[in-house]
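Undergrad: Okay, here's the prediction I keep looking at, along with the sequence it came from:
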Amino acid sequence: MLLIAQTNPTMNLPIATIQRARIARDPRFDGLFFVAVKTTGIFCRPICRARMPLEKNVDYYASAIQAMDQGFRPCLMCRPDSAPGSFAWKGVETTVERGVKLLSSRLSLNIAEISEKLGISTRYFNRLFEQHLQISPKRYQLLNRLLFAKQLLHESTLPIEQVAHACGFNAAKPLQHHMKANTGLTPSQIRRANSLKGGNEGSEIIVYLSYRPPYQWSHIQAFFKLREIHSNEFVDDSSISKVIKVGGQNVLFKALHQAEQNRFEVRFLLSDLSVLKGSIGVVKKMLDLSCDPHAIASSLKQSGMPESMLRSGIRLPGINDRFEAGCRAIVGQQVTVKAAIGQLNLLQNTLAKRANPDDLIAFVSPARVAGADLSFLKMPNARKATLKAFAEFMTQRPNASIAEWLTIKGIGTWTVNYVNMRHSDNPDVFLATDLVVKNKLKKLAEQQVNIDADTAAPWRSYLTLNLWDL
DNA sequence: GAATTCCCCTG
DNA sequence: CAGGTGATATTG
């Protein structure tokens, strides 16, 4: 028997395909249909590791909601009730992924603290890590620390003692010891190859971050300038400054573009060196410094994008903070960039007052927005409610996956995709439903220019960006 | 490496 | 519904 409702357009699959997908536990069908077992009253995802039920005992549903409506309860192993893309949904893979991320961005945390953040025992974390990456977390962390130390020795003038602290060591000694043991060189030998001049004035730390040219600074500069939130960031012709939150701390940075050297000179103002690595990561992400412009350009050409329209060296302007990204997306629904940014500035100015009009301060916190009366904003009431619900959600579950935001009323696929494009590390987000993108594609089609978005994979974010004016 | 948890089948 | 089987994830 087949109980798939026609309400789900993806569900026009032949029954034989569904059956085969189930037997094979084919992950490509995960989320497209659900398997309900009549004998137990439990429903699962096609990938569920549980014992395979007999064909005569199963019903198929297009959605978890439908299965639950029919009286089935979600399986405790495969969690068909969780949102696709969430941590619970993706399981072990994301745990390792998050572990790697934490390990390489928070150098001062030990393995026990990381495991705790992941919600698993250190024992299991060790095993998973070893299993997937063939290296222990401890060793991975050490090499990461040394790599970062080497970078700082080369690309900053930070004293060695402070380099050690920035890498999660308690003192210079252990850094010297491990560096010598693993690279054959001591930190001061590495430092000697550094030709950078100038000290670190006060508590300011200067780091030089290079990129692969070409880099179209004018585009990313204009993009950020147009979306500037005045008390949080400052954009001028050659630099961008912003207060970011890293590891619970506020960090001010100023990234100055130095086109001749293909790099940015980045100055950080931070109270604790342990967040330096994370801060550098944020800047790299915002300015898209790791991208390979040549690979992207050739892939965009394949999609049918005319050479004349292709902006060489275009970068994806990133947003590191998830709450900020969500706010920008929600407020930006269905309105011009200008209108949206006006409201964001109003939000920031009303709820996050600065002591001194020249100071830069952090973006308003979720708690502040959740607790505020938002009637001062000029936007539809429904959108204000969404913004507030989103802020509440973020105070409760700041680490929930972005896909889970879909459960909030007023947050749909466009909003989630926009956030994914600007915040996630996946460069393959195509905003097919975006109004500007649609209009542009239509206009191009009228001029006999047909763009096949799929062939731009895995760089479809850049295709989207190229279709926007700014 | 054992114990636990969870699922599905059969009687 | 109870009892038994098999399989995987996770822990101590």
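TA: That came through fine. Given the structure is predicted, the values throughout are model-derived calculations rather than measurements.
Undergrad: all strands of the stretch 201-350 of chain A, in order?
TA: A:204-210, A:233-235, A:239-246, A:249-258, A:263-269 (DSSP state E, counting those that start in this stretch).
Undergrad: now the stretch 1-150 of chain A
TA: Under DSSP E, counting those that start in this stretch, the stretch 1-150 of chain A gives strands at A:34-37, A:42-44, A:58-61, A:73-74.
Undergrad: got TSV for those strands, with mean neighbour count too?
TA: For glycine as for every other residue, the C-beta is placed from the backbone atoms N, C-alpha and C. Shown next, in TSV, are the strands of the stretch 1-150 of chain A (neighbours: other Cβ atoms under 10 Å):
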stretch	mean neighbour count
strand A:34-37	25
strand A:42-44	24
strand A:58-61	21
strand A:73-74	16
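Undergrad: re earlier: nearest to residue A:383, of the strands of the stretch 201-350 of chain A?
TA: Among the strands of the stretch 201-350 of chain A, the nearest to residue A:383 by Cβ to Cβ is strand A:233-235 (23.1 Å).
Undergrad: Residue A:160 against residue A:190, yeah?
TA: No - the pair residue A:160 / residue A:190 is not scored as a contact, 9.5 Å apart, by Cβ atoms under 8 Å.
Undergrad: follow-up on the earlier one: and of the strands of the stretch 201-350 of chain A, who's closest to DNA strand C?
TA: Of all these, the one in closest proximity to DNA strand C, counting by Cβ to the nearest atom of the strand, is strand A:239-246 (27.7 Å).
Undergrad: sorry, back to before: CSV please, covering the strands of the stretch 201-350 of chain A and showing mean pLDDT and distance to residue A:456.
TA: Shown next, in CSV, are the strands of the stretch 201-350 of chain A (pLDDT from 0 to 100; distance: least, Cβ to Cβ, whole Å):
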stretch, mean pLDDT, distance to residue A:456
strand A:204-210, 94, 26
strand A:233-235, 97, 28
strand A:239-246, 97, 27
strand A:249-258, 97, 27
strand A:263-269, 97, 27
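Undergrad: For residue A:107, find the nearest of these.
TA: strand A:239-246 (11.8 Å).
Undergrad: quick one: that closest one to strand A:263-269, angle?
TA: Between strand A:239-246 and strand A:263-269, the angle comes out at 50 degrees (axes from the mean of the first three to the mean of the last three Cα atoms, to 10 degrees).
Undergrad: got the CA coordinates for strand A:239-246 in PDB?
TA: The C-alpha trace of strand A:239-246 is given here as PDB (Å, rounded to 0.1, in the frame of the first residue of the first chain):
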ATOM      1  CA  SER A 239      39.500  49.300   4.700                       C
ATOM      2  CA  ILE A 240      36.800  47.700   6.700                       C
ATOM      3  CA  SER A 241      36.500  47.700  10.500                       C
ATOM      4  CA  LYS A 242      34.100  45.800  12.700                       C
ATOM      5  CA  VAL A 243      33.400  44.500  16.200                       C
ATOM      6  CA  ILE A 244      33.000  40.800  16.100                       C
ATOM      7  CA  LYS A 245      32.200  38.200  18.800                       C
ATOM      8  CA  VAL A 246      34.800  35.400  19.100                       C
END
